[in-house]
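Visitor: Dropping the sequence and predicted coords here.
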Amino acid sequence: MIEKKESRLRRARATRKRIALQRAHRLSVFRTNLHIYASVISPDGGTILASASTNEPEVRNQLAGAKGKGGNVAAAKIVGARIAAKAKAAGVETVAFDRSGFLYHGRVKALADAAREAGLKF
């Protein structure tokens with residue numbers, strides 16, 4: 001029987017192979033029960049150009065009164081907007097979305113939508 005994590009990583013590998021062929025910057029998302037992380041990764045060698053997460057002090061201050069802190073859709077929207085701003089500051093306008101094998105639903109979808117609204121093109 002294939003475990004849940006192995007299945008997710010198998011789906012992630014397929015997506016990453018396709019993105020590597022496109023030679024595009026990659027917006028990679030990782031989520032845990034408590035936090036969500038996003039990174040913009042360059043196509044050459046995998047250098048991280050920008051990153052944002054619910055662990056950052058600025059984001060934690062915005063979520064200070066919120067219930068659940070970083071493991072919800074509201075937190076994902078904040079991280080999506082931050083990663084878009086940081087990517088644009090690093091000179092990246094267009095990215096390929098790498099959901100890391102997670103379903104495009106809930107927090108992952110909220111992060112992607114917020115990044116699009118902030119001006120990042122997928």
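Guide: Here it is on my side, so go on.
Visitor: contacts and neighbour counts: CA atoms only from here.
Guide: Will do.
Visitor: Are we agreed that F30 is in a helix?
Guide: No. F30 is assigned strand when assessed by DSSP: H, G, I helix; E, B strand; the rest coil, not a helix.
Visitor: how near is it to L63?
Guide: 19 Å (Cα to Cα, to the nearest Å).
Visitor: And K67, how far from L34?
Guide: 12 Å.
Visitor: okay, the two: which has more neighbours?
Guide: Applying other Cα atoms under 10 Å to K67 and L34 shows that L34 carries more neighbours, namely 12 against 9.
Visitor: For the protein, name the helix or strand with the lowest mean pLDDT.
Guide: helix 57-62 (a mean of 91; mean pLDDT, DSSP states H and E).
Visitor: so where's the chain uncertain?
Guide: In the predicted model, the chain carries pLDDT under 70 at residues 1, 68.
Visitor: Where do the helices of it begin and end?
Guide: 4-22, 57-62, 73-89, 107-117 (DSSP state H).
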